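Enquirer: Sequence first, then the predicted structure:
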Amino acid sequence: MADTSLAARTGATVRAAARSRTARAAAALLLVLGAVAGWWLSSSGPADYPKGETRLATGVPRGVYDRYGHLLRGYVATAMPGVDLRLDNSEGSLDNLERVTSGKDDFAIATADAVSSFDGPGKPRLRAIARLYDDYLQLVVPAGSPVKKTSDLRGKRVGVGQAKSGVNLVTRRLLEAAGLDPDRDIKPAMLGVGDAADQLSTGRLDAFFWSGGLPTAALTDLSDRFPIRIVPLADLAETLHQREGAGVDAYRAATIPADAYPKSEPRNTAVATVAVPNLLVTRDDVDPALVQGVTRAVINGRDTIGSEVHAAQLVDLRTAVYTDPLPLHEGARRYYTSVKP
């Protein structure tokens, strides 16, 4: 009986020791998993960002900025629970920069040339989050128009974008590069892309300029109901770069693929033009954790957003950090550092 009791006590001791070892191993495993989880959250998961409403300035209705903003808002709602990204339509890049520096919006999209030329009092506070995609300069005319190059616009009624838009900024520069006075040699109309498309189709405009990602819905819709042609602008690329883009890498020669607007005349023809980078911008005082989360959403949401805004498919981790002429915001820098291979 004593032997049985001893065996029982020995077995109980062994089982207790085994349970103790298992408990210690489990505790150690939890510590490891906790450390891994902490690393994952700090590098690729949501940071401890502030919740609530924040605002993004987009652009004109029916433009690419506007569509991109709506899709980014939906992605942020899922990726950053508790953040309500409200959208504000605007005249475009220069208006957006004014809205951010004045505090009306925390985030905005703007072209690199607009950032470079912006001289508002809050410019030193501007910071970049990411280089997004390139805008392509597009001079749109009726398919049967006699306009073959920019200088042919002399005396014509031309849509030049709204006063505070990046379209208006680069249009004036293009016209000057072509030897035209933007105020005297054409009849300018300050219109957004949607209104310009409508007026071209009804004969109230002879042409209009647009700067946007490819394809732009307003141009696709226009080509569905009205025959259009996109005039090449590549002959002005070098002049424009030398006059305005030196040191900023704001302008480069580019090609609009033949399938961007398949109903544009002549069919199946690529168009040589000029492109300018877009930046997602903010202010230096916007919470770094919020900016880090938005940066992550921009990069991780590329495929989701790009399925509807094709230009967004070009957002790339390797190129997003090249935000000249603005330095990166601290929150964006933290994100890029955390995912650096």
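Expert: Sure thing, it's come through.
Enquirer: low-confidence ranges in the chain?
Expert: Where the chain drops to pLDDT under 70, the residues are 1-47, 244-249, 341.
Enquirer: now with 50?
Expert: Scanning the chain for pLDDT under 50 picks out the ranges 1-18, 20-23, 25-44, 247.
Enquirer: Now do the phi/psi pair for the residue nearest the centre of the chain.
Expert: Centroid check for the chain by Cα atoms, centre = their mean gives residue 132 as the closest residue, at 4.0 Å. Per-residue torsions, residue 132: phi -90, psi -90 (degrees, to the nearest 10).
Enquirer: Enumerate every residue touching it.
Expert: Shown in contact with residue 132 (Cβ atoms under 8 Å, 6 or more residues apart in numbering): 68, 109, 277, 278, 279, 280, 298, 311, 312, 314, 315, 320. (Each C-beta comes from the backbone N, C-alpha and C, glycine too.)
Enquirer: Same list, these, but as a markdown table with distance to residue 150 please.
Expert: Output for the contacts of residue 132, formatted as a markdown table (distance: Cβ to Cβ, whole Å):
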| residue | distance to residue 150 |
| --- | --- |
| 68 | 28 |
| 109 | 26 |
| 277 | 22 |
| 278 | 23 |
| 279 | 26 |
| 280 | 30 |
| 298 | 34 |
| 311 | 24 |
| 312 | 29 |
| 314 | 26 |
| 315 | 30 |
| 320 | 32 |
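Enquirer: just the buried members of those?
Expert: 68, 109, 277, 278, 279, 280, 298, 311, 312, 315, 320 (16 or more other Cβ atoms under 10 Å).
Enquirer: Among those residues, which one lies nearest to residue 99?
Expert: For these, the minimum distance to residue 99 (Cβ to Cβ) is 11.0 Å, reached by residue 109.
Enquirer: Any idea what that closest one is bridged to?
Expert: residue 280 (DSSP bridges).
Enquirer: what's the spacing between it and residue 331?
Expert: Separation of residue 109 from residue 331 (Cβ to Cβ, to the nearest Å): 17 Å.
Enquirer: Likewise for residue 147?
Expert: Distance from residue 147 to residue 331, counting by Cβ to Cβ: 46 Å.
Enquirer: more neighbours, those two?
Expert: residue 331 (23 against 19; other Cβ atoms under 10 Å).
Enquirer: tell me the contacts of that one?
Expert: Taking Cβ under 8 Å, 6+ apart, one finds 129, 286, 287, 288, 289, 290, 291, 292, 293, 294, 295 in contact with residue 331.
Enquirer: and with 6 Å instead?
Expert: 288, 291, 292 (Cβ atoms under 6 Å, 6 or more residues apart in numbering).
Enquirer: which residue sits closest to it in space, ignoring its chain neighbours?
Expert: Leaving aside its chain neighbours, residue 331 sits nearest to residue 291 (2.8 Å; criterion: Cβ to Cβ, 6 or more residues apart in numbering).
Enquirer: and that neighbour, what element?
Expert: Assigned by DSSP states H and E, residue 291 belongs to helix 288-300.
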